[in-house]
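Participant: generate a structure from the sequence data that follows.
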Amino acid sequence: MEWEKIVGANIRRLRKERGLSQEALAGEAGLAMRHIGRIERGEGNPTVSMIGKIATVLGVHPSALYDEGTGDES
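Facilitator: This next block holds a predicted model:
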């Protein structure tokens with residue numbers, strides 16, 4: 001199981017559903033845009049703190065980012 005890809009796909013899907021750019025998500029979460037891009041591509045390994053910040057901006061519980069059934073692997 002590639003958790004990095006699952007988390008990244010869920011973040012990308014939720015961000016797009018909310019009409020946010022990577023730049024907007026990064027700004028609201030207090031993170032660098034390059035981190036968001038890497039995480040969404042499954043290349044980054046976000047810290048628990050980063051996951052919490054991203055989930056807060058997306059309006060979901062952090063556990064939603066680990067849901068295998070909602071990830072879009074495209």
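Participant: could you list the low-confidence segments of this protein?
Facilitator: Segments of the chain classed as low confidence (criterion: pLDDT under 70) are 1, 70-74.
Participant: spatially central residue in it, please.
Facilitator: Here the mean C-alpha position of the chain is nearest to the C-alpha of residue 11 (Cα atoms, centre = their mean), at a distance of 2.8 Å.
Participant: for that one, give me its contacts.
Facilitator: 25, 36, 39-40, 54, 58, 65 (Cβ atoms under 8 Å, 6 or more residues apart in numbering). (C-beta placed from N, C-alpha, C; glycine too.)
Participant: and residue 44, its phi and psi?
Facilitator: As for residue 44, its main-chain torsions (degrees, to the nearest 10) stand at phi -90, psi 160.
Participant: and the contacts of stretch 20-35?
Facilitator: 11, 15, 36-37, 40, 44, 46, 50, 53-54, 56-58.
Participant: report the two of these separated the most.
Facilitator: 37 and 56 (19.2 Å; Cβ to Cβ).
Participant: so which of those two has more stuff around it?
Facilitator: Between residue 37 and residue 56, residue 37 has the larger neighbour count (other Cβ atoms under 10 Å), namely 16 against 13.
Participant: check which helix or strand covers the more buried one.
Facilitator: Using DSSP states H and E, residue 37 maps to helix 33-40.
Participant: likewise for residue 42?
Facilitator: With secondary structure defined by DSSP H and E, residue 42 is part of neither a helix nor a strand.
Participant: CA atoms of the helix holding residue 37 as CSV?
Facilitator: Output for helix 33-40, consisting of C-alpha atoms alone and laid out as CSV, is shown next (Å, rounded to 0.1, in the frame of the first residue of the first chain):
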residue,chain,number,x,y,z
MET,A,33,3.6,25.5,-2.2
ARG,A,34,6.4,23.1,-3.2
HIS,A,35,5.5,20.9,-0.2
ILE,A,36,1.8,20.7,-1.3
GLY,A,37,2.9,19.8,-4.9
ARG,A,38,5.2,17.0,-3.6
ILE,A,39,2.6,15.7,-1.2
GLU,A,40,-0.1,15.6,-3.9
